[in-house]
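In: Pasting the sequence and the predicted coordinates here, then a few questions.
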Amino acid sequence: MSLDMLTIPAQCVAESRIAELDYNNIEFGKIFADHMLVADYKDSAWQIPQILPYGNMSLSPATSAIHYGQSIFEGMKAYKDANGDILLFRPLDNFRRLNKSAERMCMPAITEDIFMQGLEQLLRLDAAWVPPTPGCALYIRPFMFATDEFIGVRPSSNYRFAVFTCPVGAYYGQALKVAIEPHYVRSAEGGAGFAKAAGNYGAALLPAKAMQERGYHQLIWTDAREHKYIEESGTMNLMFVLDGKLITPPVSTTILAGITRDSVLQLAQGLGYTVEERKVSVDELVEAYKAGMLQEAFGTGTAATIAQIATIHYDGLDMDLPAVEGREISNRISTELDKIKTGEAPDLYNWVHRI
Ligand code: COI
């Protein structure tokens, strides 16, 4: 299906709300650009997508996604370069990951042309919403959910894929205090932890809220079997610098394969740092901290970008890390990554998709 000729009927072009946007004061996830892309799956095929004004969708109360959770999503970002051109960061990786989530949740794969060409057209139309402000971006939220009007438990036959966008600033405004979760579990082997499924986030809310009530911004998940090994944090993969080496848990069926995570690892290797993808036990972190070798800790994610961790709490111990300003590896990688995303540095890894 080629969408090159997709015309947007005049009634589908929204009166712009861009005047409501203060480019210098953008809060995450509260203001949405003018248009959205919508494609429906029926009769075993994706139908021609439409671009519509951003707005409510009308759903039956019996919509199966609401009851049984066939609902997945992605998060990606677009930036502006110095000429005002729009640069999308690694969109094909988001496309592939969405389809991995779809497979696990028994949903149909979206086609590359609907995803990529739809996205390109949406971004061209809403180009003014990509903030030129340093540290800001247009956050893009592709998602898919089951739309059968049926409450028997079975895979839906009908689905909706949609994409809306919103200009965003930093997800976390400060270095984080996080705590290692000793009781709750995010994901077990054989489960759906690697999928970007809505239910994974819903089930994490109560434990995260409990940690927030104890004064921590986020929790760190540990493995379901022993609570011994570090997995990921609420909205991010995790990385540590131990004795000069960048170390992160390997992706697995329980951990989301973060695209920022992968970018950081490739960049770190390219910059000559030692990188290890291996299990990291809680005991190892505590011992490294006591020996003065826990030098950096940070989360990686599309929304979070590189989010510095100030303190890790475990079992009565607050492990306070060195000041953020002095953290060589994460600061250097963060700067390099920002330069690539905004076209300031050469795209040596072929990550940038120019629109
Ligand atoms: C992202 O980083 O894009 C995510 O999907 C995390 C989110 C839940 C804000």
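Out: Happy to help now that I have it. Not measured: the values here are computed from a predicted model.

In: Leaving out the residues flanking it, which one is nearest to Arg214?
Out: Nearest non-adjacent residue to Arg214, counting by CB to CB, 6 or more residues apart in numbering: Ala179, 6.9 Å away. (C-beta placed from N, C-alpha, C; glycine too.)

In: May I see the buried residues of the top helix by length along the chain?
Out: Using DSSP state H, we find that the single longest helix of the chain is helix 198-213. In terms of neighbour count (16 or more other CB atoms under 10 Å), helix 198-213 has its buried residues at Ala198, Asn200, Ala204, Pro207, Ala208, Met211.

In: quick one: contacts of it?
Out: Under the contact criterion CB atoms under 8 Å, 6 or more residues apart in numbering, helix 198-213 has outside partners 69, 71-73, 145, 178-179, 181, 183-184, 186-187, 192-193, 218-219, 234.

In: what residues are up against Asn237?
Out: Applying CB under 8 Å, 6+ apart, we find Asn237 in contact with Thr248, Pro249, Ile255, Leu256, Gly258, Thr260, Arg261, Gly299, Thr300, Gly301.

In: could you give the mean pLDDT of the longest helix of the chain?
Out: Model confidence over helix 198-213, given as mean pLDDT, is 97.

In: then that helix to PDB, C-alphas only?
Out: Extracted C-alpha coordinates of helix 198-213, given in PDB (Å, rounded to 0.1, in the frame of the first residue of the first chain):
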ATOM      1  CA  ALA A 198      -0.100  -1.300  28.500                       C
ATOM      2  CA  GLY A 199      -0.700  -3.800  31.300                       C
ATOM      3  CA  ASN A 200       3.000  -3.900  32.200                       C
ATOM      4  CA  TYR A 201       2.800  -0.200  33.000                       C
ATOM      5  CA  GLY A 202      -0.600  -0.500  34.800                       C
ATOM      6  CA  ALA A 203       0.700  -3.300  37.100                       C
ATOM      7  CA  ALA A 204       3.700  -1.200  38.000                       C
ATOM      8  CA  LEU A 205       1.700   1.800  39.300                       C
ATOM      9  CA  LEU A 206       1.000   0.500  42.800                       C
ATOM     10  CA  PRO A 207       4.600  -0.500  43.700                       C
ATOM     11  CA  ALA A 208       5.900   2.800  42.200                       C
ATOM     12  CA  LYS A 209       3.300   4.800  44.200                       C
ATOM     13  CA  ALA A 210       4.300   3.000  47.400                       C
ATOM     14  CA  MET A 211       8.000   3.900  46.700                       C
ATOM     15  CA  GLN A 212       7.000   7.500  46.000                       C
ATOM     16  CA  GLU A 213       5.200   7.700  49.300                       C
END
